[in-house]
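Undergrad: Quick one: sequence and predicted model below, then my questions.
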Amino acid sequence: MLGISLANFKKMERNGAFPFPRKKIGTSVRYRNTDIVRYILAEPDPEIKP
């Protein structure tokens, strides 16, 4: 959905780039699809330069 590799996702997640919360289920980490879609459709942050 985000169009990035798992390795890049993990790096960005550690840096706090994503505003959606993690949900631990046992040893797995899950995210709500609605949170990810909301993040994709949100207006870009003017503070972040492409």
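TA: Structure's in. What do you need? Numbering: from 1, shown residues only.

Undergrad: Surely Pro21 touches Asp35?
TA: Yes: between Pro21 and Asp35 there is a contact under Cβ atoms under 8 Å: 7.2 Å. (Glycine included, C-beta is placed from N, CA and C.)

Undergrad: And the two? Which one has more around it.
TA: More crowded of Pro21 and Asp35, by other Cβ atoms under 10 Å: Asp35, with 14 against 8.

Undergrad: Report the secondary structure state of the residue most central in space within the chain.
TA: The chain has Phe18 as the residue nearest its centroid, 4.0 Å off, counting by Cα atoms, centre = their mean. Classification of Phe18 by DSSP: H, G, I helix; E, B strand; the rest coil places it in coil.

Undergrad: Phi first, then psi, for it.
TA: Per-residue torsions, Phe18: phi -110, psi 130 (degrees, to the nearest 10).

Undergrad: For it, list the residues it contacts.
TA: Phe18 makes contact with Met12, Tyr39, according to Cβ atoms under 8 Å, 6 or more residues apart in numbering.

Undergrad: What pLDDT is listed against it?
TA: Per-residue confidence (pLDDT) for Phe18: 81.

Undergrad: and if you look at the one 10 residues further on?
TA: With respect to pLDDT, Ser28 has a value of 87.

Undergrad: ok, it to Arg22 distance?
TA: 10 Å (Cβ to Cβ, to the nearest Å).

Undergrad: for Val29, same thing?
TA: Distance, Val29 to Arg22, by Cβ to Cβ: 5 Å.

Undergrad: ditto for Leu2
TA: Distance from Leu2 to Arg22, counting by Cβ to Cβ: 15 Å.
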